[in-house]
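> Only the shape, not the letters, is given here:
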């Protein structure tokens, strides 16, 4: 069982060693630039870091399951969905994936991996949260089919208002780390320069929601 300090160290080191956290100038979906970028799919090419980070996620989900009734876990394609089946198999709980668009042939609809029954309770998992809009996109099909989202869990909160937006809407949100805590920990560990750390902290202080 990891305490909060150990959890942060393992997430931060896992992301930087695997290349899932990169520093530079990155164009975001909105068209603006960011001094860092997080892509958890890079964990797929780093088995040790993949196991390290998914192990922590599984542990945190298991804590919630031990306290509250949870029937399934879910994510939306693509990034969170690539990690979810491994996490679900670790804790022996069913998982489903929400497609971004409905499939028009074969087994149609937006849900992959099973069905959603009325009253089933979910943990909705994703890699990061920015403004929270993609989480709503993933949650909506679950709720339309009668599922209830008990908790939204993300690995990294980009601290740009998404967690607060979802909490205002009544959702319970659990972020395993924040980008500022990761950056500070990596700086303490000597994994990133003061220049990179200062650039990101300054960026976060502007509190721009993209």
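Noted; the coordinates are in hand. Quantities reported herein were computed from a predicted structural model and do not represent experimental measurements.

> What helices and strands are in contact with the strand or helix carrying residue 124?
Taking DSSP states H and E as the definition, residue 124 sits inside strand 121-129. The contact analysis (3 or more Cβ pairs under 8 Å, 6 or more residues apart in numbering; DSSP states H and E) places strand 121-129 against helix 47-67, strand 72-76, helix 79-91, helix 133-144, strand 148-157, helix 162-168. Every C-beta, even on glycine, is put in place using the N, C-alpha and C of the backbone.

> Single out the most deeply packed of these.
strand 72-76 (a mean of 25; mean count of other Cβ atoms under 10 Å).

> how far off helix 47-67 does it point, in degrees?
Here the directions of strand 72-76 and helix 47-67 differ by 130 degrees (axes from the mean of the first three to the mean of the last three Cα atoms, to 10 degrees).

> Tell me which helix or strand residue 195 sits in.
Going by DSSP H and E, residue 195 is in helix 194-205.

> Contacts only, for the spatially most central residue of the chain.
In the chain, the residue lying closest to the centroid (Cα atoms, centre = their mean) is residue 127, at 2.3 Å. By Cβ atoms under 8 Å, 6 or more residues apart in numbering, the contact set of residue 127 is 38, 40, 79-80, 83, 154-156.

> repeat for residue 87
Neighbouring residues of residue 87 by Cβ under 8 Å, 6+ apart: 54, 57-58, 61, 73, 95, 125.

> how close does residue 57 get to residue 49?
Here the criterion is Cβ to Cβ, to the nearest Å. By it, residue 57 lies 13 Å from residue 49.

> And for residue 195?
For residue 195, the distance to residue 49 - Cβ to Cβ - is 25 Å.
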